[in-house]
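**Q** model this:
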Amino acid sequence: MIRALWFLAVVGTIVFGLMWLTDNPGQVALDWRGYRVETSFAVMLALVIVVAVIAALTYRLWLFLRRAPKQVSGAWRNRRRSQGYRALTQGMVAVAAGDADEARRQSKRAEVLLNEPPLTMLLSAQTAQLNGDEKAAEAFFQAMTENSETEFLGLRGLIGQSIKKGDSDKALALTRRANSLRPKSEWVAQSLFDLQIEENQWLDASVTGDDLVRIGSINKKDNQHRKAVLACQQGLDALAVGQTDDAYAHFKRAVDLDGLFIPAVIAFSEILIKRGRHRKAVQRIEKVWKTAPHPDLLRPYWSASEAEDAMSRMASAQRLAKTNATHEESHVAIINAALEARLWGEARSHLEQLTGDQPERLDARLCRLWADLEDAEHNNINEAHTWLTRASMAAQTATWTCHSCGNTATSWTAVCGNCQGFDTFAWARPPHVNRLSTSALPVPAVVASGANEAEAEVA
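**A** Residues are numbered from 1 along each chain as shown. Below you'll find the model as predicted:
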């Protein structure tokens, strides 16, 4: 509607102008070199308009002829660029699909069409890798690092090759360089942390862990436990070379970061005992036992309590067990102490509390304790053998078990010696497949009689 009104307004203005010129033709005279031209103003105006239009058309034609070669060349380059990007995309798809021949063909086509090495080097490197030519791939990745736009991609490729070759020193140096370029990259920070762990650079790994928190890769609580693990391993390394003061500082930092981290608590307690700070070691172990009892805490507790004979160890075990009386480890602590003190009744009482009327649920540790009791108290070889048979088929005793590969170890370390996983050891029962159902095994006489007495009481 508005356009129609504008059109009518313009047409009306033109018609009005023509009518006005018709009513007022006027006279225009031109004298030039003896010639005289006389005409009306309307005719002169029309001639001026015609000359202006011809001049404008002539100028546009001149511009077209001048710009045509450049426009034709630009259109040709754009067409080649479009085809080059299409070849680049198809090459990437071929690499992802594992089609080496198609990837090689599209890579060469992209190089010819684009003639821009930064864009095609990555495809060329990946194609070389797909064809098993690692040297050519390395050359492409190295060339990429010389261009600021592709330096990071080149470094990532070289890092992957170094890790594949097992050259962790070179991989670590390259990753540090990549981290300086992209400090907020989660992949770079995590790779740097893993390589620092592989190289036993515990302190550097702790700093990188803080970077991972800032990036948002891990939360503060998990990082705090991770720092405790690193500090504990630093303490173990320092202790191994006789640097007890450094070891003390590292273990203290570990327990301050994670007070329930058992390896750190044990190591810290032992070094406190060596320094003569028995009372503090006792308090530390009792505090942990209230929440997370662990069998490896018992002997450091005896040392801290200066329990040198069997009876004093029994009293010490009972005192520790009171802090968490219902836990299985408290019962086991008393059983072990009672067996050493030859207090058979006390040991049997706690074993019966753990056994109840379902011996098939006992693990190998409790079955062996039953065997030790029957052998020591009554010299009952048959009964002890029955318990040992059941122990061989029962669930295995908890130990330090790698939750990544299932590897077991008698002592904790920060890195699994089998799969090289970091902080993968946990106190747990290792994977175990029963060769025979425990329900098919003979029931020890002491348990069978106890179950019969219970049934009689019910009757």
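**Q** what segments of the stretch 151-300 of the chain are helices?
**A** 151-165, 168-181, 186-198, 202-215, 220-240, 244-257, 262-274, 278-289, 298-304 (DSSP state H, counting those that start in this stretch).
**Q** most tightly surrounded among the ones you listed?
**A** Among those, helix 262-274 has the highest mean neighbour count (mean count of other Cβ atoms under 10 Å), at a mean of 22. For glycine as for every other residue, the C-beta is placed from the backbone atoms N, C-alpha and C.
**Q** what helices or strands is it leaning on?
**A** If you count contacts as 3 or more Cβ pairs under 8 Å, 6 or more residues apart in numbering; DSSP states H and E, helix 262-274 packs onto helix 220-240, helix 244-257, helix 278-289, helix 298-304.
**Q** mind listing what Ala304 touches?
**A** In this structure, Ala304 makes contact with Ser269, Leu272, Ile273, His278, Arg279, Ala281, Val282, Ile285, judged by Cβ atoms under 8 Å, 6 or more residues apart in numbering.
**Q** with pLDDT as extra columns, can I get those in JSON lines?
**A** Formatted as JSON lines, the contacts of Ala304 follow (pLDDT from 0 to 100):
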{"residue": "Ser269", "pLDDT": "96"}
{"residue": "Leu272", "pLDDT": "95"}
{"residue": "Ile273", "pLDDT": "95"}
{"residue": "His278", "pLDDT": "95"}
{"residue": "Arg279", "pLDDT": "95"}
{"residue": "Ala281", "pLDDT": "95"}
{"residue": "Val282", "pLDDT": "95"}
{"residue": "Ile285", "pLDDT": "96"}
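**Q** which one of these is nearest to Thr424?
**A** Ser269 (24.0 Å; Cβ to Cβ).
**Q** right, and the closest one touches Pro300 too?
**A** Yes. At 4.5 Å, Ser269 counts as touching Pro300 under the criterion of Cβ atoms under 8 Å.
**Q** give me the common contacts of these two.
**A** With Cβ under 8 Å, 6+ apart, Ser269 and Pro300 have common neighbours Ala281, Ile285.
**Q** for the residue nearest to Ala395 when sequence neighbours are not counted, give me the pLDDT.
**A** Leaving aside its chain neighbours, Ala395 sits nearest to Asp363 (4.5 Å; criterion: Cβ to Cβ, 6 or more residues apart in numbering). In the prediction, the pLDDT value recorded for Asp363 is 88.
**Q** quick one, phi/psi of Asp363?
**A** When read as degrees, to the nearest 10, the backbone of Asp363 gives phi -90, psi 180.
**Q** can you name the residues that contact the residue lying closest to Ser392 once chain neighbours are set aside?
**A** Among residues not flanking Ser392 along the chain, Ala364 sits closest, at 7.4 Å (Cβ to Cβ, 6+ apart). By Cβ under 8 Å, 6+ apart, the contact set of Ala364 is Ala391, Ser392, Ala394, Ala395, Gln396, Thr397.
**Q** returning to that earlier point: is it possible to export the helices of the stretch 151-300 of the chain to JSON lines including distance to Thr323?
**A** Formatted as JSON lines, the helices of the stretch 151-300 of the chain follow (distance: least, Cβ to Cβ, whole Å):
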{"stretch": "helix 151-165", "distance to Thr323": "48"}
{"stretch": "helix 168-181", "distance to Thr323": "45"}
{"stretch": "helix 186-198", "distance to Thr323": "35"}
{"stretch": "helix 202-215", "distance to Thr323": "32"}
{"stretch": "helix 220-240", "distance to Thr323": "23"}
{"stretch": "helix 244-257", "distance to Thr323": "18"}
{"stretch": "helix 262-274", "distance to Thr323": "14"}
{"stretch": "helix 278-289", "distance to Thr323": "5"}
{"stretch": "helix 298-304", "distance to Thr323": "11"}
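**Q** and of these, who's closest to Arg105?
**A** Arg105 lies closest, by Cβ to Cβ, to one member of the helices of the stretch 151-300 of the chain: helix 151-165, at 21.3 Å.
**Q** using CSV, list the CA coordinates for stretch 7-15.
**A** Taking Å, rounded to 0.1, in the frame of the first residue of the first chain, the C-alpha atoms of stretch 7-15 are listed here in CSV:
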residue,chain,number,x,y,z
PHE,A,7,4.5,5.4,-7.0
LEU,A,8,1.4,7.6,-7.5
ALA,A,9,3.2,10.5,-5.8
VAL,A,10,6.2,10.2,-8.1
VAL,A,11,4.0,9.9,-11.3
GLY,A,12,1.9,12.8,-10.2
THR,A,13,5.0,15.0,-9.6
ILE,A,14,6.4,14.1,-13.1
VAL,A,15,3.1,14.8,-14.8
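**Q** and that stretch, how far out from the chain's middle?
**A** With Cα atoms, centre = their mean, to the nearest Å as the basis, stretch 7-15 stands 74 Å off its chain's centre.
**Q** JSON lines for the helices and strands packed on helix 262-274, including distance to Asn336?
**A** Converted to JSON lines, the helices and strands packed on helix 262-274 look like this (distance: least, Cβ to Cβ, whole Å):
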{"stretch": "helix 220-240", "distance to Asn336": "26"}
{"stretch": "helix 244-257", "distance to Asn336": "25"}
{"stretch": "helix 278-289", "distance to Asn336": "15"}
{"stretch": "helix 298-304", "distance to Asn336": "7"}
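**Q** can you tell which of those helices is closest to Trp427?
**A** Smallest distance to Trp427 across the helices and strands packed on helix 262-274 (Cβ to Cβ): 12.8 Å, for helix 278-289.
**Q** contacting residues around the closest residue to Asn219 other than its chain neighbours?
**A** In this structure, Asn219 finds its nearest non-sequential neighbour in Val213, 7.2 Å apart by Cβ to Cβ, 6+ apart. Taking Cβ under 8 Å, 6+ apart, we find Val213 in contact with Asn219, Lys220, Asn223.
**Q** wait, the last one sits on Leu212?
**A** Yes. With contact taken as Cβ under 8 Å, Asn223 and Leu212 are classed as touching, separated by 6.9 Å.
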